[in-house]
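[1] Okay, here's the prediction I keep looking at, along with the sequence it came from:
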Amino acid sequence: MKFSKTLFESLVGKIFTVHLDGNHVLELRLANISTQQTASRYESFTLNFDPPPGTPALPDDSYLMAAEGFGPELIHISATHAGTPDPNVYYYEAVFNVFLG
């Protein structure tokens with residue numbers, strides 16, 4: 001599957017199921033997509049996911065993720081501090097730099 005910002009735009013606000021070890025899953029909401037300006041032959045964007053309140057942060061890794069109309073696909077996510085004084089407040093991001101050809 002070729003990832004693109006357009007692919008994910010219709011999924012903003014949707015719940016993504018993250019498949020963890022065994023039968024465990026975590027649900028993340030795709031909060032928004034941010035765009036970065038890079039070389040003209042690349043599309044660079046970041047998916048920002050909100051975790052359920054009170055869940056411990058997952059290690060940075062690639063996880064099998066699915067949403068209604070998407071996946072499952074392997075996506076790398078990283079926990080990122082949300083910029084508040086509370087160290088337990090965070091979100092996840094998935095960064096893409098896609099070569100357009």
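    Structure received.
[2] all helices in this structure, in order from the N-terminus.
    Here the chain has its helices, by DSSP state H, at 5-9.
[3] what residue ranges in it score low on pLDDT?
    Low-confidence regions of the chain, defined by pLDDT under 70, span residues 1.
[4] ok, which stretches of it are strands?
    For the chain, applying DSSP state E gives strands covering 15-19, 25-36, 42-50, 61-67, 70-81, 90-99.
[5] Export only the CA atoms of stretch 40-48, formatted as CSV.
    C-alpha atoms of stretch 40-48 as CSV (Å, rounded to 0.1, in the frame of the first residue of the first chain):
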residue,chain,number,x,y,z
SER,A,40,9.3,18.9,-4.0
ARG,A,41,9.6,15.1,-4.8
TYR,A,42,8.5,14.2,-1.3
GLU,A,43,5.2,14.4,0.6
SER,A,44,6.0,14.8,4.4
PHE,A,45,3.2,14.6,7.0
THR,A,46,2.7,13.4,10.5
LEU,A,47,-0.4,11.6,11.9
ASN,A,48,-1.1,12.6,15.5
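[6] Quickly list what the residue lying closest to residue 20 once chain neighbours are set aside is bridged to.
    In this structure, residue 20 finds its nearest non-sequential neighbour in residue 26, 6.2 Å apart by Cβ to Cβ, 6 or more residues apart in numbering. Yep, even glycine has a C-beta here, placed from its N, CA and C like the rest. For residue 26, the beta-bridge partners are residue 18 (DSSP bridges).
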